[in-house]
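Visitor: Please work out how this folds:
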Amino acid sequence: MTKTKKELAREIHHRNAVKFLHDKQEEVSLGGGASKLQNQKDQGKMTVRERLNFLFDKKSEVIEIGQLAADQMYQEHGGCPSAGVVVQIGKIKERLCVVVANDASVKAGAWFPMTAKKNLRAQEIAIENKLPIIYLVDSAGIYLPMQEDTFADKEHFGRIFRNNAKMSSMGITQIAAIMGSCVAGGAYLPIMSDEAIIVENTGSIFLAGPYLVKAAVGEDVDKETLGGAHTHSAISGVVDYAVPSDQEALKKIQSIISKLGTSETAGFNRINSVAPSKNPDEMYSILPDNRSEQYQMLDLLECFIDKDSFEPYKENYGKTLITGYARIDGWAVGIVANERKVIKNAKGEMQIGGVIYSDASDKATRFIANCNQKKIPLIFVQDVTGFMVGSKSEHQGIIKDGAKLVNAVSNSVVPKFTIVVGNSYGAGNYAMCGKAYDPRLIFAWPSAEIAVMSGQSASKVLLQIEESKRKGAKQSLSENERKTLLEEIEQRYAHSTSPYYAAARLWTDGVIDPVETRKHLSLGIEMANNNSQIEPFSLGLLQV
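Guide: Predicted coordinates:
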């Protein structure tokens, strides 16, 4: 079908945005750079991504968590690509696993604040979905110039070892391979795992290295004698296996995983997969390149849900939210998605797209309850500017109805997944299952924008505040000064609302190419199906 000029312009815009994304992903995948990666090989090691490629099944779909974590952060320290650790989810011997692998090409695998946050996110995913978790350890420990932001707080380094203990009590398999340095407090991570493997000649583990031992107790000892493979496999008994190479360590992990017993699943419904009715590439020409333009959300959904699977729920009521049942790669799902177009409600009133009204809140609350009753995972597709404001909405009880929706999202017990395709502003982010509402996975498209309000609105508010300050000081802005200041505010605000800014801080699990949406959601539901324990659903007290 021939595309219109507008559709072609949209496609060019989004393909350029995706190219920027792929270039950035390729850049961070080099870790500390080509020379540092070569240094790993010169030591007889595999690079971090070579280890992961070897470990996962060749035919397994693999998704990465936090690939852009710490992007453009810690620049005064030389940067920390991917927060110095790679987290991926995929199958090992047909078993879905989370793998956390230090990248020793980045500051010798040292832990920055975002490194700790990313490791905790990986453990959270393993806990929520009862997935085996594997640690490929190659780290110099906490990055000392930033130790005060990494060491002592609840969400810092020590929480990881607490989680090791908690996961052990839950029966979640943990396997560690010591493939390089493993020092100080970090030494507890592999040894609090179920089984530990060490690579001869390159792996070492100790609470204090040779220099610190000399300083502390005056003992001269080399690294291998202090904490090498022979010491800990034959003398101390700290590790369970010593192997001659990285490859053998990874094969040992595969062997251990291959013997794990099966467990009950949650029983989410799945039938044979059917390809979407639209080519996924069509998403590039469907989604506008301008945030003020309208489009049909259902057209976008049909690019990643199974063909002819969508069944709308209350189709003609609360039209600013689309709710309905569908299938993604055969999995039954419930979808809650914003509609970015101006429409008429049942009373003939115009409703602005991307805004949540009272009737839409009421509908979505009921739908979420239904999905919980039927044990159907929920997919939230965000393009939301917030809840409707104004006296009419206040009189209709928008706060009360919005609170019901937030309550339903908060108390939902079936797995939730969130895709941010466009706007994600204010309380709309919360009601549509933003990061604070525990989605099992949350990803953004390059077209996403996450903020309290739109850049245009925020810039005008901030400009008014600045003008009020000047007025109080009996100063005024010329029209040229006003224009310049507004542009500066808009640029500054736009930077902090970009999907890359959010991904760098793990407000999302990453930025993805829209055509990858179906893969991420399907693997996410399969992952969630691994946990058979679903709590009873209750909304608690609601104002009706």
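
Visitor: Show me the shaky parts of the stretch 351-500 of the chain.
Guide: Applying pLDDT under 70 to the stretch 351-500 of the chain picks out residues 455, 470-474.

Visitor: Which stretches in it count as helices?
Guide: 358-374, 391-396, 398-411, 426-431, 455-472, 479-497, 499-504 (DSSP state H, counting those that start in this stretch).

Visitor: The ones you listed into CSV, with extra columns for mean neighbour count and distance to Asp308?
Guide: To be clear about C-beta, it is placed using only N, CA and C from the backbone, and glycine gets the same treatment. Output for these, formatted as CSV (neighbours: other CB atoms under 10 Å; distance: least, CB to CB, whole Å):
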stretch, mean neighbour count, distance to Asp308
helix 358-374, 21, 20
helix 391-396, 12, 36
helix 398-411, 20, 28
helix 426-431, 22, 29
helix 455-472, 14, 39
helix 479-497, 14, 37
helix 499-504, 22, 31
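
Visitor: so which of the ones you listed comes closest to Thr2?
Guide: Checking those against Thr2 by CB to CB gives helix 499-504 as the closest, at 31.1 Å.

Visitor: and the closest one, what other elements does it pack with?
Guide: Using 3 or more CB pairs under 8 Å, 6 or more residues apart in numbering; DSSP states H and E as the contact test, the elements touching helix 499-504 are strand 441-444, strand 449-451.

Visitor: possible to save the ones you listed as JSON lines with distance to Gln123 and mean neighbour count?
Guide: Listed next are these as JSON lines, based on distance: least, CB to CB, whole Å; neighbours: other CB atoms under 10 Å:
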{"stretch": "strand 441-444", "distance to Gln123": "15", "mean neighbour count": "25"}
{"stretch": "strand 449-451", "distance to Gln123": "24", "mean neighbour count": "21"}
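
Visitor: quick one: the helix or strand bottoming out on mean pLDDT in the chain to chain centroid distance?
Guide: Taking mean pLDDT, DSSP states H and E as the measure, helix 455-472 is the helix or strand of the chain with the lowest mean score, a mean of 71. Mean-position distance between helix 455-472 and its chain equals 34 Å (CA atoms, centre = their mean, to the nearest Å).

Visitor: counting contacts, what elements does that helix pack onto?
Guide: Judged by 3+ CB pairs under 8 Å, 6+ apart, the packing partners of helix 455-472 are helix 479-497.

Visitor: Identify the residues contacting the helix it packs on?
Guide: Under the contact criterion CB atoms under 8 Å, 6 or more residues apart in numbering, helix 479-497 has outside partners 449-451, 455-456, 458-460, 462-463, 466-467, 477, 501.

Visitor: let's see it at 10 Å
Guide: Residues outside helix 479-497 that contact it (CB atoms under 10 Å, 6 or more residues apart in numbering): 72, 423-425, 448-463, 465-467, 470, 476-478, 501-502, 505.

Visitor: residue ranges with poor pLDDT in the chain?
Guide: Using pLDDT under 70, the chain drops low at 1, 185, 455, 470-474, 543-544.

Visitor: Would you mark the buried spots in the helix ranked longest in it?
Guide: If you go by DSSP state H, the chain has its longest helix at helix 5-28. Going by neighbour count (16 or more other CB atoms under 10 Å), the buried part of helix 5-28 is 7, 10-11, 13-14, 17-18, 21, 24-25, 28.

Visitor: In TSV: these, plus distance to Ser181.
Guide: Below are these laid out as TSV (distance: CB to CB, whole Å):
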residue	distance to Ser181
Glu7	53
Arg10	49
Glu11	48
His13	45
His14	43
Ala17	39
Val18	37
Leu21	33
Lys24	29
Gln25	27
Val28	22
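
Visitor: Looking at the residues you listed, which two lie furthest apart in space?
Guide: Glu7 and Val28 (31.8 Å).

Visitor: Now do the residue nearest to Glu467 when sequence neighbours are not counted against Glu488, distance only.
Guide: Distance criterion CB to CB, 6 or more residues apart in numbering; nearest residue to Glu467, sequence neighbours excluded, is Leu477 at 6.1 Å. If you measure Leu477 against Glu488 using CB to CB, to the nearest Å, the figure is 12 Å.

Visitor: shared neighbours, these two?
Guide: Joint contacts of Leu477 and Glu488 (CB under 10 Å, 6+ apart) are Leu463.

Visitor: neighbours of Ser424, just the number please.
Guide: For Ser424, the count of nearby residues is 29 (other CB atoms under 10 Å).

Visitor: Show the contacting residues for Lys314.
Guide: Contacts of Lys314 (CB under 10 Å, 6+ apart): 321-324, 359-360, 362-364, 366-367.

Visitor: Over to Asn39?
Guide: 32-33, 45, 47, 104-105.

Visitor: Can you name the two of these that sit furthest apart?
Guide: Greatest spacing in those, by CB to CB: Gly33 and Lys45 (15.8 Å).

Visitor: Neighbour count for the two, which is higher?
Guide: Taking other CB under 10 Å, Gly33 and Lys45 do not tie; Lys45 has more neighbours (23 against 13).

Visitor: What separation is there between that one and Ala104?
Guide: Looking at Lys45 against Ala104, where the rule is CB to CB, the gap reads 8 Å.

Visitor: Overlap in contacts, the two.
Guide: Taking CB under 10 Å, 6+ apart as the contact rule, Lys45 and Ala104 both touch 37, 39, 138, 179-180, 202.

Visitor: Now list the buried members of those.
Guide: Among those, those scoring as buried are 37, 138, 179-180, 202 (criterion: 16+ other CB under 10 Å).

Visitor: Can you pick out the ones from the residues you listed that are in helices?
Guide: Under the assignment DSSP H, those contribute Leu37 to helices.

Visitor: out of the contacts of Lys314, who's nearest Ile419?
Guide: Closest to Ile419, out of all of those and judged by CB to CB, is Ile322, at 13.3 Å.

Visitor: The residue nearest to that closest one when sequence neighbours are not counted in helix, strand or coil?
Guide: In space, and not counting its chain neighbours, Ile322 is closest to Ala337: 4.5 Å by CB to CB, 6+ apart. Secondary structure, DSSP: H, G, I helix; E, B strand; the rest coil: Ala337 is strand.

Visitor: Ala337 reaches Val420, doesn't it?
Guide: No. With contact defined as CB atoms under 10 Å, Ala337 does not count as touching Val420 (11.4 Å).

Visitor: which residues touch Ser255?
Guide: Taking CB under 10 Å, 6+ apart as the test, what Ser255 contacts is 93, 241.

Visitor: ok, now how distant is it from Val243?
Guide: Distance of Ser255 to Val243, computed by CB to CB: 11 Å.

Visitor: mind checking the backbone torsions on Ile175?
Guide: phi -130, psi 140 (degrees, to the nearest 10).

Visitor: Please name the bridge partners of it.
Guide: Ile175 forms beta bridges with Ile134, Glu195, as assigned by DSSP bridges.

Visitor: quick one: contacts for it?
Guide: Ile175 makes contact with 92, 97, 99, 132-136, 190, 193-197, 240, 252-253, 256-257, according to CB under 10 Å, 6+ apart.

Visitor: Could you report the separation of it from Ser454?
Guide: 46 Å.

Visitor: who touches Phe56 in this structure?
Guide: Phe56 makes contact with 62, 88-93, 97, 99, 250, 254, according to CB under 10 Å, 6+ apart.

Visitor: Please identify, among these, the one with the most neighbours.
Guide: Most surrounded of the contacts of Phe56: other CB under 10 Å gives Ile89, at 28 neighbours.

Visitor: can you redo the contacts of Asn39 as TSV with distance to Glu264 and secondary structure?
Guide: Output for these, formatted as TSV (distance: CB to CB, whole Å; DSSP: H, G, I helix; E, B strand; the rest coil):
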residue	distance to Glu264	secondary structure
Gly32	43	coil
Gly33	46	coil
Lys45	39	coil
Thr47	38	coil
Ala104	38	coil
Ser105	41	coil
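
Visitor: what's the closest of those residues to His156?
Guide: Ala104 (21.4 Å).
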